[in-house]
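Trainee: coordinates only, sequence not included:
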């Protein structure tokens, strides 16, 4: 569980991120519960749900929990250390069956290299909308249009002194591994383009992607998002440079020249 910040402050940060970027839903807080005294009994306990579906529900306002009994995706269950990876996935044959790879050896290699947490370490996942948070989450996951996520990555770069940001993915387990396990394990932001599973199982749009970062970075990231919203974000979204090019191109045509002369005479 992450360090303490006033509950109302965390909620404000969630609302601020939504407002600054124009997010279509809430950023999602994820608490990776490792001790029985922190089990969240007040949240809705999900059964037969995938982790990506828990994120979807939280993005739209629900506070939910998942544990080893309730999680439906065997790959995510293995990633969080709830259960061993089934042999069908370990061998790569499962990915052949899904039509993801044509060679089982490729699928086998993909799962061999898949980051995962220590078996039995995580007791419960608490997944909730950040603008309704009761504590600072271990990880913040944001699903939205790629352009909006770009600004979060830029703000993270500012928070880390300008270092380039590396993203790693297998185009599998985009929410559980890429956006949660890796940021939790490596204490850094990670991003990807989504995956077969989350695109099949949730309402994530074709123009949307997902990233995750450690919760303790939230205040610093939001601070620079606020700075970016003062000039860079509205300037970029205005397409001013594109409009200038289009105007110049238009003025090269006979019709465009006539319009330009008409404006001069007005």
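Mentor: Thanks, I have it. Just so you know, these numbers come straight off a predicted model, no measurement behind them.

Trainee: how about the strands in this structure?
Mentor: Counting by DSSP state E, one finds strands in the chain at the ranges 28-33, 44-45, 64-66, 124-129, 139-145, 190-192, 208-214.

Trainee: Need those in JSON lines (columns: mean neighbour count, mean pLDDT and distance to residue 95).
Mentor: To be clear about C-beta, it is placed using only N, CA and C from the backbone, and glycine gets the same treatment. Below are these laid out as JSON lines (neighbours: other CB atoms under 10 Å; pLDDT from 0 to 100; distance: least, CB to CB, whole Å):
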{"stretch": "strand 28-33", "mean neighbour count": "25", "mean pLDDT": "98", "distance to residue 95": "26"}
{"stretch": "strand 44-45", "mean neighbour count": "14", "mean pLDDT": "98", "distance to residue 95": "30"}
{"stretch": "strand 64-66", "mean neighbour count": "23", "mean pLDDT": "98", "distance to residue 95": "23"}
{"stretch": "strand 124-129", "mean neighbour count": "26", "mean pLDDT": "98", "distance to residue 95": "24"}
{"stretch": "strand 139-145", "mean neighbour count": "25", "mean pLDDT": "98", "distance to residue 95": "23"}
{"stretch": "strand 190-192", "mean neighbour count": "25", "mean pLDDT": "97", "distance to residue 95": "17"}
{"stretch": "strand 208-214", "mean neighbour count": "25", "mean pLDDT": "98", "distance to residue 95": "20"}
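
Trainee: Relative to residue 91, which of those strands is closest?
Mentor: Closest to residue 91 of the strands of the chain is strand 190-192 (CB to CB; 24.2 Å).

Trainee: any chance of the strands of the chain in TSV, plus distance to residue 151?
Mentor: Below are the strands of the chain laid out as TSV (distance: least, CB to CB, whole Å):
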stretch	distance to residue 151
strand 28-33	17
strand 44-45	31
strand 64-66	27
strand 124-129	20
strand 139-145	10
strand 190-192	12
strand 208-214	11
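
Trainee: Just the pLDDT at the closest residue to residue 83 other than its chain neighbours, thanks.
Mentor: In space, residue 83 comes closest to residue 77 once its chain neighbours are excluded; the distance is 4.3 Å by CB to CB, 6 or more residues apart in numbering. We have a pLDDT of 98 for residue 77.

Trainee: Okay, residue 77 and residue 67: tell me how far apart.
Mentor: Per CB to CB, to the nearest Å, residue 77 is found 10 Å from residue 67.

Trainee: quick one: the helices in the protein?
Mentor: Assigned by DSSP state H, the chain shows helices spanning 7-21, 51-59, 74-79, 87-90, 93-98, 104-112, 146-159, 182-186, 196-201, 218-230, 232-238, 240-251, 254-265.

Trainee: most packed of the ones you listed?
Mentor: Comparing the helices of the chain by mean neighbour count (mean count of other CB atoms under 10 Å), helix 51-59 comes out on top with a mean of 25.

Trainee: which secondary structure elements does it contact?
Mentor: Judged by 3 or more CB pairs under 8 Å, 6 or more residues apart in numbering; DSSP states H and E, the packing partners of helix 51-59 are strand 28-33, strand 64-66, strand 124-129, strand 139-145, helix 196-201.

Trainee: Contacts for it, please.
Mentor: 25-26, 28-30, 46, 64, 66, 71, 73, 76, 80, 125, 127-129, 141, 143, 174-176, 180, 197-198, 201-204 (CB atoms under 8 Å, 6 or more residues apart in numbering).
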